[in-house]
Structure formats: C-alpha cells, structure tokens
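K.L.:
Quick one, structure for this:
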Amino acid sequence: MSKELNSVKKRVTVLEDENCKLHSQMKEINAKVKKNTRNIEALRKTNIVLALQERNIPGDPNSKPRYSYQEIAEMYETNATNVCRIAKENNIERRTKRTS
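P.N.:
Sure, this is the predicted structure:
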C-alpha cells in the first residue's frame, strides 16, 4: 500500500509541476495575444486614416473623398461609426464649411 501511495504522490507532484509550467506559458501567450491585438488595431487605425485622406484626384484638396465611411468600414472589418470616430480624432473633415 505504501508503494502505491508514494507512486500516486509522485504522479500528483509531477502533474502539479506540469500544470504550473503550463499556467506560466498560458500567461505569456495571453500577453503576446494582447500585444498583437494592440498592434493590429494600431495598424488598422493608421490604414483607416490613410483611406480617409485619399481623394479621387490626388493632391487636389477640393476633390471628393475616394471612399465613403461605409466602404472604409467594410475594407477594415469595422463599422462606419468607428471610422467616423477615427476621422474626428484625427481632425479629418469630409464636409467643407460654408462661409457667409
């Protein structure tokens, strides 16, 4: 009985050690996933800003925008509200202000 008990204790210890290592690895992987997600979002935001700034006639500030908010949203798998928020954060206006 004592041999079996020792064998079980050893097995439990080994499993606990393995579980601890796996838990550590999982924390590292979760941290990498969060970092990659932040990087993806930053790149997506940069690309949205570039798309918002594109004009039908490059270099002509009076030219119409090349893409609508909805088109940009579809290109970058987000929604038009998010695209609008990003435009506002970056002071990108689509409408010209009328002067009286």
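K.L.:
Every contact and neighbour count from this point should use C-alpha atoms.
P.N.:
Noted.
K.L.:
Let me see the ranges of the strands in this protein.
P.N.:
Taking DSSP state E, the chain contains no strands at all.
K.L.:
Okay, now the unreliable bits of it?
P.N.:
Within the chain, the stretches falling below the threshold (pLDDT under 70) are 1, 95-100.
K.L.:
which residues in it form helices?
P.N.:
For the chain, the helices defined by DSSP state H cover 2-53, 69-75, 80-89.
K.L.:
Off-centre distance for the first one?
P.N.:
Looking back up the chat, that one is helix 2-53. With CA atoms, centre = their mean, to the nearest Å as the basis, helix 2-53 stands 18 Å off its chain's centre.
K.L.:
Also stretch 69-84?
P.N.:
14 Å.
K.L.:
contacting residues around that stretch?
P.N.:
44, 48, 51-52 (CA atoms under 8 Å, 6 or more residues apart in numbering).
K.L.:
please redo it, this time with the cut-off set to 10 Å
P.N.:
Residues outside stretch 69-84 that contact it (CA atoms under 10 Å, 6 or more residues apart in numbering): 44-45, 47-49, 51-52, 66-68, 86-90, 92-94.
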